[in-house]
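Participant: Sequence first, then the predicted structure:
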Amino acid sequence: MAARPVHVDPEIGLPDLVKSLTDDSKRLVKDEVRLAKLEAKEAVKTAGKGVLWLGLAFGVGIVMLIALTIALATGIGQVANGNMWLGALVTGAVEIGLGIWLIKKGLTSFAEPSYSLEETRAELKETVEWAGEARNEARAEARAALAGVSKY
């Protein structure tokens, strides 16, 4: 969004400048809110695509793991002189250990990113601080101007 050129008219009084500052502050806050909405929409869209791919990968992974479990249990059972129960037991223990490791890894990586729109919050905080400072400066200038007028 392009910045508007500022035209300073020497005939404009201080109340008009304060009104202009207020209007600009309102517009800036509205722009910040619009930016936050756009960021949220983009984040939700990206998350939706990620969930779709994760669901698809999960389904394919389940089918693959079932086939791998049967093959591994059968292979270990044949090596153990036909004791298929031993192959199933060893395969189950290996898969439980792998599952625990994957859950820990997933929880660790899930905790890393922030989903709180940090950039938008920081910009909005800066905007509010700027507007407050500008308002206080305008009030101080107005008081000084009124004090200068009332002396004469």
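Facilitator: Good, I have the coordinates.
Participant: Can you give me the neighbour number for residue 27?
Facilitator: Residue 27 is flanked by 11 other residues according to other CB atoms under 10 Å. The C-beta positions use only the backbone N, C-alpha and C, and glycine is treated the same way.
Participant: shaky segments in the chain?
Facilitator: 1-11, 112-116, 149-152 (pLDDT under 70).
Participant: any chance you could map the helices in this protein?
Facilitator: Applying DSSP state H to the chain gives helices spanning 14-79, 84-111, 118-150.
Participant: Just the buried positions in stretch 70-86, please.
Facilitator: Buried positions in stretch 70-86, judged by neighbour count with 16 or more other CB atoms under 10 Å: 72-73, 76-77.
Participant: Equivalent analysis for stretch 49-69, please.
Facilitator: Within stretch 49-69, the residues that count as buried by 16+ other CB under 10 Å are residue 69.
Participant: if we look at it, which residues are touching it?
Facilitator: Stretch 49-69 has contacts (CB atoms under 8 Å, 6 or more residues apart in numbering) with 91, 95.
Participant: how about the CA coordinates for it, as CSV?
Facilitator: Output of stretch 49-69 as CSV, limited to C-alpha atoms (Å, rounded to 0.1, in the frame of the first residue of the first chain):
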residue,chain,number,x,y,z
LYS,A,49,-2.9,-28.2,2.8
GLY,A,50,-0.5,-29.7,5.4
VAL,A,51,-3.3,-31.6,7.1
LEU,A,52,-4.5,-33.0,3.8
TRP,A,53,-1.0,-34.3,2.9
LEU,A,54,-0.5,-35.6,6.4
GLY,A,55,-3.8,-37.5,6.2
LEU,A,56,-2.8,-39.1,2.9
ALA,A,57,0.6,-40.0,4.2
PHE,A,58,-0.9,-41.5,7.3
GLY,A,59,-3.2,-43.8,5.2
VAL,A,60,-0.4,-44.9,2.9
GLY,A,61,1.9,-45.4,5.9
ILE,A,62,-0.7,-47.6,7.7
VAL,A,63,-1.0,-50.0,4.7
MET,A,64,2.8,-50.1,4.3
LEU,A,65,3.4,-50.8,8.0
ILE,A,66,0.9,-53.6,8.1
ALA,A,67,2.6,-55.3,5.1
LEU,A,68,6.0,-54.7,6.7
THR,A,69,4.9,-56.1,10.0
